[in-house]
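> Would you be able to build a 3D model of this:
(4 chains, ligands or ions: 4)
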Amino acid sequence: MPDTALPETRIISAASAILEATEQCLAADPRVYLMGEGVADPKGIFGTTLGLVERWGRDRVIEMPVAENGLTGVAIGSALMGQRPLMVHQRVDFALLALEQLLNNAAKTFFVSNGAHRVPLTVRMIIGRGWGQGPEHSQALEPIFAHVPGLKVVMPATPYDAKGMLIAAVDDDNPVIILEHRWIHYATGHVPAERYTVPLSGPQRVREGDDVTIVATSYNVLEAIEAADAMASCGIGAELFDLRVIRPLDIQPILDSVKRTGRLIIVDTGAKMYGIGAEIAARATEACFGHLRAAPRRLGLPDYPTPSSRGLIGTFYPNSSRLIETVGEIIPEAAERLIPALATVAEHRATVPVDIPHPAFRGPF
Amino acid sequence: MPDTALPETRIISAASAILEATEQCLAADPRVYLMGEGVADPKGIFGTTLGLVERWGRDRVIEMPVAENGLTGVAIGSALMGQRPLMVHQRVDFALLALEQLLNNAAKTFFVSNGAHRVPLTVRMIIGRGWGQGPEHSQALEPIFAHVPGLKVVMPATPYDAKGMLIAAVDDDNPVIILEHRWIHYATGHVPAERYTVPLSGPQRVREGDDVTIVATSYNVLEAIEAADAMASCGIGAELFDLRVIRPLDIQPILDSVKRTGRLIIVDTGAKMYGIGAEIAARATEACFGHLRAAPRRLGLPDYPTPSSRGLIGTFYPNSSRLIETVGEIIPEAAERLIPALATVAEHRATVPVDIPHPAFRGPF
Amino acid sequence: MAPLKALFRDMLRNRRIEEEIARRYADQEMRCPVHLSIGQEAISAGVCLALEPTDQVVSTHRAHAHYLSKGGDLNRMLAEFHGKATGCCGGRGGSMHIFDHDVGMLLSLPIVASGIPIAVGAALAMRQTNTNGVAVAFVGDAAVEEGVFHEAANFAALRSLPIIFVCENNLFSVYTRLDDRQPDLPLQRLGAAHGIHAETADGNDASLVYNIMQNAVARARAGAGPSFLVFDTYRWLEHCGPNYDNDIGYRSPEEFEAWKLRDPLAILSEQMKASGQWDEGEAERQRAAIDAEIDAAFRFALESPLPQPGEMAVYA
Amino acid sequence: MAPLKALFRDMLRNRRIEEEIARRYADQEMRCPVHLSIGQEAISAGVCLALEPTDQVVSTHRAHAHYLSKGGDLNRMLAEFHGKATGCCGGRGGSMHIFDHDVGMLLSLPIVASGIPIAVGAALAMRQTNTNGVAVAFVGDAAVEEGVFHEAANFAALRSLPIIFVCENNLFSVYTRLDDRQPDLPLQRLGAAHGIHAETADGNDASLVYNIMQNAVARARAGAGPSFLVFDTYRWLEHCGPNYDNDIGYRSPEEFEAWKLRDPLAILSEQMKASGQWDEGEAERQRAAIDAEIDAAFRFALESPLPQPGEMAVYA
Ligand SMILES: Cc1ncc(C[n+]2csc(CCOP(=O)(O)OP(=O)(O)O)c2C)c(N)n1
Ligand SMILES: Cc1ncc(C[n+]2csc(CCOP(=O)(O)OP(=O)(O)O)c2C)c(N)n1
Ligand SMILES: [Mg+2]
Ligand SMILES: [Mg+2]
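Ligands and ions are numbered 1, 2, ... in the order given. Next up is the predicted model:
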């Protein structure tokens, strides 16, 4: 896992940052409550809710029946009355049961009520990956949420953002879906102890460069950082954006970059086909047509479900190597220069099995 | 409604064509059964299932409880055992409740079972429009289905295809989602009386032209035909594709056309953002980069839910006028020549209120 | 004691309003689906008159009577049906989305059963904020077939929330009979299964509905938990739209006639006569006042402007 | 009469297999979640031994014992857990997707309750095709909280389908107790509410499970409709994974010990002794044979090749 630490900072994991954010939200506003399957159990949603029920009690930390659709509706109903529910699903996949509530009642009520109603609901959904999760515990499904007007959809990549965007989501008067990748839980980085927000307003440039613009979301930002840094040492400058907010989509910083670099690659966390990257590629082409030196390219998951076996998973996910190869394809004159970069990232990848997020990971989930 | 009739043909409405297809499927294969809310009632799903229960009985035409998720699972379970269920939802919106079953069990079982299982399920979902339907009876949501590997997703536009593709879907060993626009029910055209199939394999070119390639789905094909014909009489040649099959996506004929015209416009039935058009634009840009004379453009629904009032609906849906205007934008030298085309289509549109599919329509649904 | 006069006025008003909607529907000025409650007026009256303005109701596609009985604004409702800017949702929702928080009509939703957990959530919020309110979910005899009803009912029972599920059993889901959708068992079993206080009663007897509801409201306010109240009734007109449709064959004319004899307005006026509360002159004056109100409200709706597209924000 | 010897053999085999999975899990060769059924073996045994091979079972995330009792292939199961090409899903599914139509294991699904309507659909297909089969949906005490359970149960009851819902009540959903999720009422109410024949029994008594199941199967085959059978039991190990976890605080050591005393294997062997069917030597030989089988199966799994990506078709 790339480490985004600077000297003299407070380094914690994203999981701890999320726990801290939740604690601070509960402390700051009595209208906030937490609800989900496992929020009050001894594992506390991969450690992100641990200890909260002891501190805030069963009315602020609600362990729920296994009934995602109904309880999403309950959360929305309470939000309409002014409460600020924070709901958690241990997998995005489980939220498939709750889409009617989310895409209709959460997403549309502000509009349909002609502005009279607000739905200040936040839903964390965790994207599974690795350890043989299989096809129904590993879906990202970003476009399902991002396609529908009225939701905000965010995908933090760093501990700093995981905390600041969660607090911003809970503060927001609108329904916010946080697609939180299981593998960023292990990422560490600087996180201030105090309560702060990261505005839910758009992409962040995490690397500068002039040769190609790269847009990634969530865990893939960490892969892309690795790729960008390896390419930089070969003299290829990748300007890397952590997209962060899928909807509303503030595309302008990306367009400005593409106008300069003339090249764009988008890395999707979910499936490539009809994925997030298609919208960004289409928008960039529309806005930067005269500036493009190559057609925008997209990486993402292939056109089949996530297989469980490690024999099949090696080629399933995009990674830093495929990103560097793609850069080589759209800057053919750079392909040769990128060979050492490919070697660097391959060497690093070889130190951790393909199906786990962190060398210390031993299962079972 | 444009009439696609030729002389000496059998002209019926798409609604009648769908009824005929269903009747022929029930007759041809005892494994086929029909299930849905209203399939056996006196209105028979806008007339598309009328009379079937009298003919085939309550075991082949199953009126169901109002429980979309559960009954979708039931249909899938029966399909795994070799039956061929044909399910109908009076609105796409109702199927939101059944997405876990559709996106997991229907879409993935062939893959996960390593080819041992098939799910020969067909689901018709009707896209509502007009007569003040409002935000939750008018969603198309194509990308939700098209994003997920394993489903086939089709959107017929003509009576001929509505019949032939429905039969092909029921014959198919895979789950097929038919997104069937309420307004095509009224379209009339030639439909052979016998049982025939239209392969679920890709787009159909419905107009030829050299100046711009247009891709439309479902009802918008009818708008696009109107636009293309009006433009043709001004000397602007639009090559029009009825996309028909959203997944799997056979993009080749479109690419071939774009290579020739250098220009592409996609008209989405659903929302533009993160819509179907984005994928097609991105793919076309990738494959035809050197041939493009302008960036691909997309039309689709704007970034808010469908309002009920006719005061708000006039600007909500793309139509032939906006399509012609967009052609004028990407072929600036043609803009002036297109003024009579705009006048023609505007004049025709003025004959029918903005919120009904057909001059004879009087409500209430 | 049920307030018979108030119930009668409410029901008569709703009846006249719906009749007038039906009569004027052919004018094609109300360009949206309408689901009328004629024949079912006793339930909205008995239920809503037992509530406080701050109590919250969540309704369905068949929401007109619920809204009006809850104190809704007739002008705003008819304007909404006409797609006008002055409608309670500014024309955005149409007849299946009647939202008016001010009178405690939290939402009405066109997706069957979708409002049920919303109402439970409102009850949860009332509990969390220590208001002494009650939430009501109106549900049809079909809505309880949706799994989300059970999910919401289980949670409501688990937490003893102040929620009342009012099930209007009109025997049909669109044109499909109850016995084509559920085994032949009393509907109240579906509430009782979750440990919820459940009762069934004649839904055409407004004073009975009121009394049962008052009891359920008292239980809820006292912290004794949810109730599931089944009120048997019958819809006179077609599922959606302004017409009678006994000719299309999904129900017998005899059944319809038998229910029509049990007109909730007639039942209540008999009760009023029996208890000496009926005043023919007052009823006449009431009807005239209601008709004048309705006429003015339609004028308001027709004369109101259509909304203009302009800015269409989806975020607060 | 329940076939005690066959039940015992099945349970012992499942116990030993799961113990061996737990023991070897630390080798990191089974790189997928595993949900073990140790302590719950009487249910899979009693249920599946009352079925024909052509009857269809739909299971959950906790599927190992169901699969094996239904006649599943140990080699193919362990190979699947090892992600190997020889697994019953070619390594695509892992431990939560054990599909094997050949032995009547239609599907097992990791999404809670998702398999319930699938099983009802299988029963519908059996009815439609006039086979005399029965379908079984295994459900946990949490699965019945999902609305889809009720939707499926209502339809099954309405059409009197040959389906048996087997509810393994192990008191927990992951680490959350039943009484944090449902009001304090017998689980069987949830089946009974749909007019389904419902019973509750000791799920650690395999012969009792078998007898109740046999009765339910006979009802289903005779066209008398669905059953909802609640079997009380207890999971010994953690929800997912190979360890004991009584230390983490969600359940008391006393509760665990009390249930452990009620070991289904011990209960059955006592019954065998009491009825003179116990043969110590045979039990020893059985255990040795099972251990040899398990050893060979792990060897098969370990030695099998990983699948190769190649063509990954999603359409038939
Ligand atoms: C989820 C969903 N499925 C189907 C429909 C279509 N529909 C609209 S009203 C209705 C019948 C509802 O019956 P009931 O709940 O008894 O209410 P009633 O119309 O009798 O008042 C149906 C099936 C819908 N709106 N939502
Ligand atoms: C829809 C859904 N929600 C949540 C989960 C996470 N989950 C996996 S197993 C489980 C507990 C299920 O409990 P129960 O049905 O009693 O079965 P048990 O594990 O006790 O055998 C949960 C909540 C899931 N897999 N699917
Ligand atoms: Mg009804
Ligand atoms: Mg359990």
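> how close does the residue of chain C found nearest ligand 4 sit to C:Val120?
Closest contact between chain C and ligand 4, by Cβ to the ion, is at C:Asn154 (15.3 Å). Backbone N, C-alpha and C define where each C-beta goes, glycine included. C:Asn154 is 10 Å from C:Val120, where distance means Cβ to Cβ, to the nearest Å.
> so what sits against both of these two?
The contact sets of C:Asn154 and C:Val120 overlap at A:Gly70 (Cβ atoms under 8 Å, 6 or more residues apart in numbering or on different chains).
> Could you check which of those two has the larger neighbour count?
A count of neighbours by other Cβ atoms under 10 Å in any protein chain shown puts C:Val120 above the other of C:Asn154 and C:Val120, at 33 against 28.
> isn't the more buried one right up against C:Leu158?
No: the criterion here is Cβ atoms under 8 Å, and C:Val120 misses it with C:Leu158 at 10.5 Å.
> Where does the stretch 1-150 of chain C get nearest to ligand 1, which residue?
As assessed by Cβ to the nearest ligand atom, ligand 1 sits closest to C:Gly140 within the stretch 1-150 of chain C, at 2.1 Å.
> Now that residue: closest residue in space, sequence neighbours ignored.
Spatial nearest neighbour of C:Gly140, excluding adjacent residues (Cβ to Cβ, 6 or more residues apart in numbering or on different chains): C:Glu168 at 5.8 Å.
> How about C:Pro253?
Spatial nearest neighbour of C:Pro253, chain neighbours left out: C:Asn246 (5.3 Å); criterion: Cβ to Cβ, 6+ apart.
> can you pull the contacts of that neighbour?
The contact partners of C:Asn246, by Cβ under 8 Å, 6+ apart, come to C:252-253, C:256.
> Compare those residues and tell me which is most surrounded.
Comparing these by number of neighbours (other Cβ under 10 Å), C:Phe256 comes first, having 17 neighbours.
> So which bits of the stretch 151-300 of chain C are right by chain D?
By Cβ under 8 Å from any Cβ of the partner chain, the residues of the stretch 151-300 of chain C that approach chain D are C:151, C:154, C:157-158, C:181-185, C:189-190, C:192-195.
> Give me the residue ranges of the stretch 201-316 of chain C where confidence is low.
Counting by pLDDT under 70, the stretch 201-316 of chain C contains no low-confidence range.
> mind listing the strands for it?
Ranges of strands in the stretch 201-316 of chain C, per DSSP state E, counting those that start in this stretch, are C:227-232.
> show me where it has helices.
With helices called from DSSP state H, counting those that start in this stretch, the stretch 201-316 of chain C shows them at C:206-221, C:253-261, C:264-274, C:280-303.
> Determine which stretch of those is the most buried.
For the helices of the stretch 201-316 of chain C, the largest average neighbour count (mean count of other Cβ atoms under 10 Å in any protein chain shown) is found in helix C:206-221, namely a mean of 21.
> So is that helix next to chain A?
No: figure legend: helix C:206-221 not in contact with chain A (Cβ under 8 Å from any Cβ); closest approach 15.4 Å.
> Flag every buried residue along stretch C:306-313.
Residues C:307, C:312 are the ones in stretch C:306-313 that count as buried (16 or more other Cβ atoms under 10 Å in any protein chain shown).
> re earlier: present the contacts of C:Asn246 as CSV; the columns should include distance to B:Val148.
Formatted as CSV, the contacts of C:Asn246 follow (distance: Cβ to Cβ, whole Å):
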residue, distance to B:Val148
C:Ser252, 46
C:Pro253, 49
C:Phe256, 46
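> between these, which is nearest ligand 1?
C:Phe256 (14.7 Å).
> What residues does the closest one make contact with?
C:234, C:236, C:246.
> ok, the second one touching C:Glu257?
No: look at C:Trp236 against C:Glu257 with Cβ under 8 Å: they stay out of range, at 10.7 Å.
> Give me the nearest residue to C:Ser207, chain neighbours excluded.
C:Ala2 (3.6 Å).
> Kindly apply the preceding question to C:Tyr250 instead.
According to Cβ to Cβ, 6+ apart, the nearest residue to C:Tyr250 is C:Tyr175 (4.2 Å).
> Near the one you found, how many other residues are there?
Here the number of neighbours of C:Tyr175 (other Cβ under 10 Å) works out to 21.
> Show the pLDDT at it.
Note for C:Tyr175: predicted pLDDT of 97.
> again, but for C:Met1
The model reports C:Met1 with a pLDDT of 82.
> Same question for A:Ala5.
At A:Ala5, the pLDDT value in this model is 53.
> what's stretch C:222-230 in contact with?
By Cβ under 8 Å, 6+ apart, the surrounding residues in contact with stretch C:222-230 are C:123, C:153, C:156-157, C:160-167, C:169, C:186-188, C:190-192, C:194, C:196-201, C:203, C:212-213, C:216, C:219-220.
> buried ones in that stretch?
For stretch C:222-230, by 16+ other Cβ under 10 Å, it's C:225-230.
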